[in-house]
Each structure stands twice: as C-alpha cells, then as structure tokens.
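Student: pasted the sequence and its predicted model underneath.
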Amino acid sequence: MSDKLHKNPVVVEHARAALETFRSHSKSLGYATILTTDGFEVASIAGDAQQTRRVASMASSMQALGDAVARDLKMGTCDYIIIAAPSGYVIQLRVPGYDLVIAAHFDSAETLGKALSVARLAANDMAQVSVAAAAA
Amino acid sequence: MAEHVILFAGPMCAGKTTAIRSLSEIETISTEAANTDRETADKDTTTVALDYGEITIGDEDKVRLYGLPGQRRFDFMWRILMERAVGLVLLVNNDAADPLGQLAEFLEEFAELHERGGIVVGITRADIAEGPSLGDYAQTIAKSTSGAIIPVFTVDARDGNHMQTCLLSLIANIESRAALAYQQEQAA
C-alpha cells in the first residue's frame, strides 16, 4: 500500500488537513512535514518549499538511523526521535500503519511533553486516512 | 594499524548495499525504507541513510565500508560521509537508462575524493544487459576527470571475490599515491 503515497491526492489532502489541525493545537509549532519513510514530502505547513523537501529527506534518514540503533540494541522499532537545540526542538514519529513519518519543529516556548502529545495526536489523525481510498 | 574509510556510491539499483554485504566481516548495518518510487526503481526497499560494514585487509588494516543512498535528495549524507573518507567505490548498473551520464555525474560529485585518495569504478549487471562497453566507460572517465587514472571493472556485487578485487585495487592506489606524496614531500 506504500506505492506513491506522496502523489496520492487522497493522502496529500488528508495530510494537509491533519497538519492544519496540528497547527491549531500548538502556537509554538514552527513548521511540520508529513513524509514517506523513503524521504518524499507529502504535505507541509510553513517553511519554504526547498526547506521542507530537505527536512523530509533528513527526517527519513534520521528515522532509519533510529530504527537501526533500536534494532541493533534489540529494542524493537524506533517510535519517535527528539532533536533538542537551544532555540527549540524537532520531534518526529511514525504514522501508525503507514510508511509515513511526521516531523515537526517547535520553538522553546513549548514543553517537550505537550509537543510530543500534540505530535502524537497529529500522527494518529493522519493514520485515519482511508486505506482503501489511499490505495486507489 | 591503518584504518581506511571507503564509500560506496552510485545510482539506485547499482548494488551498493549488496556489495557491502558481500564484503563485510561483521553483520552489516542497513537503513532501508519501503520504496515508494517504483517508477525510478522497481524494488521493495531503498537505502535512506547509510549501509555500514567492515573488512580487514592483510594482517591488521581495517577498512570501514559506508554505502550511500543513490538518490540526490539524500546528498546531505554524501557530504557528511565524504568528510571522513579516503576513497570511493563507484558502482554503476549497466542496465540503467543512461549509465554513462550517471557515471559522469557521480564522478563530478565525488571529485574531491579522487584528489585526496582514490576512486575505482565497478560496472554491475553487465552480464544481463547490453549496455556501453568498458571502453565507453573508460572514455567517460577520461573526459570527466581530465585523464585521471581511475580503474574500471565489471563486477558482480553479490560476489565477495569480485568486490575484494575492486576494493584492493582502490586501497593499493590510495596507498601508492600517499607513499609518492610522502616521498615528494621529503625530497622538497
């Protein structure tokens, strides 16, 4: 079911809607991208096009590296990754049931717990996309 | 004990992950994701960060093998890994739409590695597709690098012996260039 998710209009439209809802849940959200696990941007909010495409590729690599570390340490699969920096952080996590990842940048005004919580909501929202429609 | 960091680069489907698995003495680390771009390459998974393996050459020279993603959207990984590398095994699949163009493109991208170490080119899938000849590849290398000496072989990425021949020729090239540079430095 993973073929061309980033070109499937149903998936892209659902991703846009999920990201808009995500934005309404956090004022600290800088930008957010939903990407395929092999690094194609599906939809983004804020950020310029070049930046979001690049973030999609980097987030794909980070997710795979997280999986590789978790696998090597026999921890199972990597559920989420947090990158913390002085002026904010990036959270990325898998969309349950799909070869999709959501990556989001928050400024430091948000608490990590709240950011992770709203990112999870967005991932679960994205997971509600109709499997049948998405496969069409 | 000498240590070398060698990169494996080339387009999707060139056999980079397979080559590292053929060569490595340790269980390789791979970072594959489901391939959603079947138009470019009809395979289930694709490398999105790196492959990693190790091999010992001679008594104690350790070679760290890093495979790079083939797609340009991951070129930030090329830059990161190129900083530590001394050499490059460039694999090109002979059944690609434009293997000579891809060879020229990757040679240009990784020219810095030729300057400070060495490059060897391996042509894969030459036995299953009627593509350019080794002479055509050699000409493309000569044109793309202003006549630099870069060996080119046909290889089967699944065959550890083929890949060792390729790798050893690269290591020999790197070490002889380093020795020559040292001699010139001493003479100066």
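Tutor: Cool, the structure landed. Numbering: from 1, shown residues only, chains lettered A, B, ... in the order given.

Student: pull up the per-residue confidence for residue 130.
Tutor: With no chain named, the answer covers chain A. Note for A:Ser130: predicted pLDDT of 73.

Student: oops, wrong one, chain B.
Tutor: 84.

Student: which phi and psi does B:Ile26 have?
Tutor: With angles defined as degrees, to the nearest 10, B:Ile26 sits at phi -110, psi 170.

Student: all strands of chain A, in order?
Tutor: A:29-36, A:41-45, A:80-85, A:88-94, A:100-107 (DSSP state E).

Student: for chain B, same thing?
Tutor: Using DSSP E, the strands of chain B run over B:3-9, B:29-34, B:45-57, B:61-67, B:87-93, B:118-124, B:152-154.

Student: for A:Val95, which of those strands is the nearest?
Tutor: strand B:29-34 (12.6 Å; CB to CB). (Glycine included, C-beta is placed from N, CA and C.)

Student: show me the contact partners of that closest one.
Tutor: With CB atoms under 8 Å, 6 or more residues apart in numbering or on different chains as the test, strand B:29-34 has contacts from A:2, A:36-39, A:60-61, A:63-65, A:67-68, A:72, A:99, B:17, B:44-53.

Student: just checking: what are the partner strands of that strand?
Tutor: Here strand B:29-34 is paired, per DSSP bridges, with strand B:45-57 (antiparallel).

Student: what's the angle from the partner strand to strand A:29-36?
Tutor: 80 degrees (axes from the mean of the first three to the mean of the last three CA atoms, to 10 degrees).

Student: and strand B:45-57, C-alpha only, in CSV?
Tutor: The C-alpha coordinates for strand B:45-57 follow below in CSV (Å, rounded to 0.1, in the frame of the first residue of the first chain):
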residue,chain,number,x,y,z
THR,B,45,13.2,-1.1,-0.3
THR,B,46,15.8,1.6,-0.7
THR,B,47,18.7,2.9,1.5
VAL,B,48,17.8,6.2,3.0
ALA,B,49,20.8,7.0,5.3
LEU,B,50,23.7,4.5,5.0
ASP,B,51,25.0,1.0,5.0
TYR,B,52,27.9,0.0,7.1
GLY,B,53,30.3,-2.9,7.1
GLU,B,54,33.9,-3.7,8.0
ILE,B,55,36.7,-5.8,6.5
THR,B,56,40.3,-6.4,7.5
ILE,B,57,42.9,-6.3,4.7
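
Student: mean confidence score for that strand?
Tutor: Per-residue pLDDT over strand B:45-57 has a mean of 95.

Student: if we can go back for a sec, let's have the strands of chain A in a markdown table, adding mean neighbour count.
Tutor: Converted to a markdown table, the strands of chain A look like this (neighbours: other CB atoms under 10 Å in any protein chain shown):
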| stretch | mean neighbour count |
| --- | --- |
| strand A:29-36 | 25 |
| strand A:41-45 | 23 |
| strand A:80-85 | 14 |
| strand A:88-94 | 22 |
| strand A:100-107 | 25 |
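
Student: so which of these gets nearest chain B?
Tutor: Taking CB to the nearest CB, strand A:29-36 is the member of the strands of chain A nearest to chain B, at 4.7 Å.

Student: for chain B, list the residues in contact with chain A, please.
Tutor: B:29-38, B:46, B:48-50, B:69, B:71, B:73-74, B:76-77 (CB under 8 Å from any CB of the partner chain).

Student: buried only: go through these for me.
Tutor: By neighbour count, with 16 or more other CB atoms under 10 Å in any protein chain shown, the residues of chain B next to chain A hold B:29-37, B:46, B:48-50, B:69, B:71, B:73-74, B:77 as buried.

Student: rewinding a little: of all the strands of chain A, which one is nearest B:Glu108?
Tutor: Across the strands of chain A, B:Glu108 has its closest neighbour in strand A:41-45 (26.4 Å, CB to CB).

Student: who touches the closest one?
Tutor: Residues contacting strand A:41-45 (CB under 8 Å, 6+ apart): A:5-6, A:11-12, A:15-16, A:19-20, A:22-23, A:29, A:31-36, A:52-53, A:56, A:100.

Student: where does pLDDT dip in chain A?
Tutor: A:1-3, A:131-136 (pLDDT under 70).

Student: do chain B as well
Tutor: Along chain B, the model assigns pLDDT under 70 to residues B:1.

Student: ok, longest helix in it?
Tutor: As assigned by DSSP state H, the longest helix anywhere in chain B is helix B:160-187.

Student: would you agree B:Ile57 is in contact with B:Ile171?
Tutor: Yes - contact criterion CB atoms under 8 Å: B:Ile57 and B:Ile171 qualify, at 6.1 Å.

Student: I am finished for the moment; much appreciated.
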